[in-house]
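1. okay, here's the prediction I keep looking at, along with the sequence it came from:
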Amino acid sequence: MHALVFFSKRLSAIVVSLAAVVTITFYLMHSAPGNFLEMQQVREAMASLDSKGREAQKQYEIEFQKRYALDKPIYVQIGIYLKNAATFKFGPSFTNPNVPIEALVREKFGTTLQIVLIGLILAIVAGVPLGVIAALRKNTVWDYGLMGFSMIGQVIPSFVIAVGLIVIFSVMLGWLPTSGWGQCRHYILPALAIGAAPIATVARYIRSSILETMEQDYIRTAFSKGIPEARVILAHALRNSLIPLITVMGPQFSFMLLGSVLVEQVFRIPGMGSMFVSAAQQRDYPMLVTSTLIFAAAIMLVNLVVDVLYAFLDPRIKLE
Amino acid sequence: MARNSDASAPVLDVQGLHVAFRGEAGLLKAVDGLDLRVEPGEVLGIVGESGSGKSVSMLSITDLIKKENRDTSGTASFLGRDLVARDLLKMGKEELGRIRGKDIGFVFQNPMSSLNPTMRIGAQIAEGMLHHGEATRADVKEKVVALLDKVGIREPEKRYIAYPHELSGGMRQRVMIAMALSCNPKLLIADEPTTALDVTVEKQILELMMKMKDELGLSIIMITHNLPVALNYCDGILVMYAGKVMETGTALDLVSHPGHPYTKALFSSNLELGRRGTRVEPIKGNIPALTHLPSGCRFHPRCPMATDKCRNEVPPAMQSAGLSDHLTFCHYPL
Amino acid sequence: MSPSTTTPGQGPGAPGADLASGFPAAGSDPSDEMSVPQYGGMAGLRRDWRRFRRNKLAVAGLAYILFLFFIAFTADWVAPYHYETTNPPAALESSSVQHWFGTDELGRDMLSRVMYSARNAIVVSFGSVLIGLAVGAFIGAVSGFYGGILDIAVMRVVDIMFAFPQFLLLIILVTAMGRGLGTMFVAIGITSWAGYARLVRGQILSAKNNDYVEAARCLGSGNGHIIRKYILPNIVGPIIVAVSFGVPAGMLAESAMSLIGMGLRPPMPSWGNLISAGMMQMYGFPHLVLWPSLTFGLTLLAFTFVGDGLREIYGKE
């Protein structure tokens, strides 16, 4: 019952926030100088239209306005948009009038999500063991080396890491492609670039968490039962460090999702990030608003899932 | 390694135990020359203020306290279930691991923080039993439930899958006891087992420990700063101060004629033991810093009867009232 | 420390003021009974500096940042070339005595362009922090101080700001406002004010609930006095820490925007657009991405070290 109340409360908060995000984006776009049509006109003008052509262009513009409800006041536009968004219908974009946005989103978001999920998995399968090693080898060269590296990994932005990876693995060693999409080898560098900071964050978190946990009374109890150190660390210390790790992963997910905007640019990956940037550059408002909405919704939902999972896994936490 | 089938051989025989920690402030001498013997079936109380070295000594011989910067010397001969006396201090990690939890059980002070908060009670008890081969996957649940029942936990089936935070403090300590006794140990080391509990619960827990002792033929080392508890439940008592033994004897001897001024001071500073009409006198001063221990008798700066001899010479063991097992480490025993 | 015995004119600073901020209330009477001694402004700074100095990484970071500042602001004189000076015959050279960092495809000196990038990064990041802090501190202070419906409304807006993915908002803002140096720091400032608002509001609320403040109010102190003596001293430390992390965040935002072609307009150099331009020629001339990446990375590391050092002194954000 509590969980249900919690869930509906959080969900309605998410819906309100998303509506606010959409509204802000709409107003900002409305106030932007230049619009899609103007930019298109410049291109058309280059083809030097005759009077007949100009008439057709005018007709086209009126139809365009009507089609995208641009002739209506902005709050009506927002209302229409939100109503359709509730059923996951976003209509066509300016640049691609024949395909509904939701179809594009499904494809592009899938691409982005693949990179982010690989990054997330990397963060855990690499970050956790690295953190355990650093904790076990506390105050040794191993520890200092690992922690130094993870400091750098946390601070250097993903797109700089991406460039570094390309220079090393593509330019110097020639092992992996610099760009392209579709094959396995295309995933490696982007996922590493986007996962570097999360790996580092997880490793640092696990290290400090294990060291802190090893000081706990219940660890002494575990040792007093005579069970071997490896089991104490894995079954008691690491286990209790892994549960709060979930709360660390929520922000890491947002970080990677937004980082994908840049990493996709560097590797020329046709994902959500690239779609967002080109929508902004081309003043393709329906596309821009929808991409923003999808990004924001993904982040909020993941945070909700993290909270629920945490409560589910830690018997002491109650949903409130 | 002598095979010792003599029934009266001590379960634990500690000789000349020294424990020191190398710290930034210098060498911290936590235990300085401790001798003690625990006979089969005996309850030995180690009494002292915090920082007297009572917990550190027991946790050091079982290697349950920080290893870095710790120097431990002396011998701690333990008579296991196989009736072979071995020196705990000479054991490697693995050998000690076979003794801890199996031959020696532990109950710690704070039952909330001493139980893993994210592990079910049953799993925590079962862990040691499975490891030491006291139970198999098939029968472990049954055995744990029986054990929970034995230590007085109602609805043991239900508690088996409970988490520590769902239980009261007294119940949690019962769980700790069940865990400590799960492998039928020879010795139970109880480190301030009731300090964190209410007075009413305290009595129940102590009674439970005594009952278990009788049933299982245990020896118990009870570490406590609570003098009345030690006097009520222990056979022998060892009074420690600043890492050194001040006095040792039977509980009865200590009450009837305490030999050391410190023991006497402990009696008169205790509210519960004070008789009507006698003044409760707090012991003046503070326990010394373990990095800067006083010369001679450790207690001399706070002793009302200290002389130059006390300041300069470490007192030898003196027999009190002609009893060979009542020793007082004082130049001027009372 | 009983509040009733101190007159409002010479009451002790808010608790922990000397620990938390290093800017204790001015004019606090040293004869006050204080468990922790209070220091004057200069002495407090000197003591903080002594603590800061113990952290070697932070000192190294600070030295690097000071060096970068020096280079950035004297770039017009110390840079070997102007960032726009082209020299096609010397295009795409790698490091040499004339061009330490080599040259780009138009023969422009990379060292000079990296130096000017540092200047732009500093201008944008400090400008954005200034705007974000001014807006955020004002809103947070008013909201925290007056409370009530105003506070609830403001916090709702802050929540929405936090819900809006910052980097996306930045892109949308720049789309709406047009590219350029000015837009850059205004837009970054707008996306970052909410954090400062939350920080300032929190500090004001905790000061408001403080016994000293209540006592001072009972004794007739005005709002201005309370702000000056109790709130400001407590808030400076956390703000210093927040700013020390806000500046590199601003640099990162600027470079990221320039990387995707929405930041500074070329030929104005930015680490971000140098990197994205260099990527076109990465195979033959990796030095084009190497130097800006290296300088940018080092700068961020240096700021992190300094920020960590400050956080040790002034406590958690």
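-> That came in fine, so what should we check first? Residues are numbered from 1 along each chain as shown, chains lettered A, B, ... in the order given.
2. in the top helix by length along chain B, which residues are buried?
-> Scanning chain B for the longest helix, with DSSP state H as the assignment, gives helix B:199-216. Residues of helix B:199-216 classed as buried: B:V201, B:E202, B:Q204, B:I205, B:L206, B:L208, B:M209, B:M212, B:K213 (neighbour count, 16 or more other CB atoms under 10 Å in any protein chain shown). All C-beta spots, glycine's among them, are computed from the backbone N, C-alpha and C.
3. how near is the residue nearest to the second one when sequence neighbours are not counted to A:D217?
-> The shortest distance from B:E202 to any residue other than its chain neighbours is 4.0 Å, reached at B:T194 (CB to CB, 6 or more residues apart in numbering or on different chains). Taking CB to CB, to the nearest Å as the measure, B:T194 falls 16 Å from A:D217.
4. which one of the two has more residues nearby?
-> Using other CB atoms under 10 Å in any protein chain shown, the more surrounded residue of B:T194 and A:D217 is B:T194, with 25 against 16.
5. pLDDT score for that one?
-> Predicted confidence (pLDDT) for B:T194: 86.
6. contacting residues for it?
-> Contacts of B:T194 were listed using CB atoms under 8 Å, 6 or more residues apart in numbering or on different chains, and they are B:Q173, B:V201, B:E202, B:I205, B:L206, B:T224, B:N226, B:V229.
7. gap between it and B:S55?
-> Note on B:T194: its distance to B:S55, by CB to CB, is 14 Å.
8. contacting residues for C:I239?
-> C:L133, C:A137, C:Y196, C:L199, C:V200.
9. among those, which are in helices?
-> Reading helices off those with DSSP H, I get C:L133, C:A137, C:Y196, C:L199, C:V200.
10. that older thread, between the contacts of B:T194, which is nearest chain C?
-> Comparing the contacts of B:T194 against chain C with CB to the nearest CB picks out B:N226 as the nearest, at 33.5 Å.
11. return the residues of chain B in contact with chain A.
-> Within chain B, the positions near chain A by CB under 8 Å from any CB of the partner chain are B:62, B:64, B:93-94, B:96-102, B:105-106, B:108, B:110, B:113-119, B:127-128, B:131-132, B:163, B:165, B:176, B:179-180.
12. again, 6 Å this time
-> Residues of chain B lying near chain A by CB under 6 Å from any CB of the partner chain: B:64, B:97, B:100-102, B:106, B:113-118, B:128, B:131, B:163, B:165.
13. repeat for the stretch 51-200 of chain C
-> For the stretch 51-200 of chain C, the contact set with chain A under CB under 6 Å from any CB comprises C:I160, C:A163, C:F164, C:P165, C:F167, C:L168, C:I171, C:I172, C:T175, C:A176.
14. pLDDT value on the first one, please?
-> Predicted confidence (pLDDT) for C:I160: 88.
15. same question, the fifth one
-> pLDDT, the model's per-residue confidence, is 90 for C:F167.
16. what strands flank the host helix or strand of B:V239, and is each parallel or antiparallel?
-> Using DSSP states H and E, the element containing B:V239 is strand B:236-241. When pairing is defined by DSSP bridges, strand B:236-241 lines up against strand B:43-47 (parallel), strand B:244-250 (antiparallel).
17. tell me how far stretch C:243-251 is from the chain's mean position?
-> Here the centre of stretch C:243-251 is set off from its chain's centre by 4 Å, with CA atoms, centre = their mean, to the nearest Å.
18. assign B:V19 to helix, strand or coil.
-> Put simply, B:V19 is strand when judged by DSSP: H, G, I helix; E, B strand; the rest coil.
19. could you grab the helix/strand/coil label for the residue nearest to it when sequence neighbours are not counted?
-> Nearest in space to B:V19, with sequence neighbours left out and distances taken as CB to CB, 6+ apart, is B:V31 at 4.0 Å. Following three-state DSSP, we place B:V31 in the strand state.
20. do the one 4 residues further on as well
-> Secondary structure of B:D35, reduced to three states by three-state DSSP: strand.
21. if we can go back for a sec, CSV for the buried residues of helix B:199-216, including distance to B:L12?
-> Output for the buried residues of helix B:199-216, formatted as CSV (distance: CB to CB, whole Å):
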residue, distance to B:L12
B:V201, 28
B:E202, 25
B:Q204, 27
B:I205, 22
B:L206, 21
B:L208, 22
B:M209, 17
B:M212, 18
B:K213, 15
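22. mind putting these into TSV with pLDDT?
-> Formatted as TSV, the buried residues of helix B:199-216 follow (pLDDT from 0 to 100):
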residue	pLDDT
B:V201	88
B:E202	89
B:Q204	90
B:I205	91
B:L206	92
B:L208	92
B:M209	92
B:M212	91
B:K213	91
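23. nearest to B:R137 among these?
-> Nearest to B:R137 among the buried residues of helix B:199-216: B:M212, at 25.9 Å, using CB to CB.
24. now do the contacts for the closest one.
-> Going by CB atoms under 6 Å, 6 or more residues apart in numbering or on different chains, B:M212 touches B:L181.
25. could you check how far it is from chain C?
-> 47 Å (CB to the nearest CB, to the nearest Å).
26. ok, B:P282 next?
-> Distance, B:P282 to chain C, using CB to the nearest CB: 26 Å.
27. look up phi and psi at that residue.
-> Main-chain dihedrals, B:P282, degrees, to the nearest 10: phi -70, psi 150.
28. you'd agree it is up against B:S269?
-> Yes. With contact defined as CB atoms under 6 Å, B:P282 counts as touching B:S269 (5.2 Å).
29. between those two, which is the more surrounded one?
-> B:S269 (15 against 8).
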